[in-house]
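> following is a predicted model, sequence given first.
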Amino acid sequence: MENTIKLDSRQTLTILESYLKAGARLHHFNGAQWYIAISEDLVAIIDSGRRDDCTLDFFTGDKAVSYLETGSNCQEENAFEDSFESYKELIVGVCV
């Protein structure tokens, strides 16, 4: 992806929290990569797997629509909130 935004873990935490509070939905999560449905034609992809070398990318338009038609592994009602809280505990615990 050509417009990758570089983030540290604190910035990643802040962005994840803002998407969560804005009502975005976690579409797919594998423990490090977060695929977040912002709208029906916008997906944020956050890779939090490399601590302070995280990235933020986006799928937009038809690519986002097509992606969101794929199956989601985040069917639980609180999937995003629960995953966020786990990440927050990890980051805050390390940064204290």
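Received it, and whenever you're ready, just let me know what you need.

> which of the helices or strands spans residue 58?
Taking DSSP states H and E as the criterion, residue 58 maps to strand 54-60.

> whoops, residue 10 was the one
The secondary structure element spanning residue 10 is helix 9-21 (assigned by DSSP H and E).

> now the strands for the chain?
If DSSP state E is used as the criterion, the strands of the chain fall at 5-7, 25-29, 33-39, 42-47, 54-60.

> please identify the buried residues of the helix holding residue 10?
Within helix 9-21, the residues that qualify as buried by neighbour count (16 or more other Cβ atoms under 10 Å) are 9, 12-13, 15-16, 19-20. Using the backbone N, CA and C atoms, a C-beta is placed for each residue, glycine as well.

> against residue 52, how distant is the nearest residue to residue 79 once chain neighbours are set aside?
Take residue 79 and drop its neighbours on the chain: the residue closest to it by Cβ to Cβ, 6 or more residues apart in numbering is residue 26, 5.0 Å away. Distance, residue 26 to residue 52, using Cβ to Cβ, to the nearest Å: 22 Å.

> same check on residue 70?
In this structure, residue 70 lies at 30 Å from residue 52, with Cβ to Cβ as the measure.

> check residue 81 too.
With distances defined as Cβ to Cβ, the gap from residue 81 to residue 52 amounts to 24 Å.

> now render the buried residues of helix 9-21 as a markdown table, adding distance to residue 38.
Supplementary listing: the buried residues of helix 9-21 in a markdown table, determined by distance: Cβ to Cβ, whole Å:
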| residue | distance to residue 38 |
| --- | --- |
| 9 | 21 |
| 12 | 16 |
| 13 | 17 |
| 15 | 11 |
| 16 | 12 |
| 19 | 7 |
| 20 | 11 |
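
> ok, those vs residue 61, which is closest?
For residue 61, the closest of these turns out to be residue 19, at 18.9 Å, with distances computed as Cβ to Cβ.

> distance of the closest one relative to residue 46?
9 Å.

> residue ranges with poor pLDDT in this protein?
For the chain, applying pLDDT under 70 flags the ranges 1-2, 94-96.

> most centrally placed residue in it?
residue 34 (3.4 Å; Cα atoms, centre = their mean).
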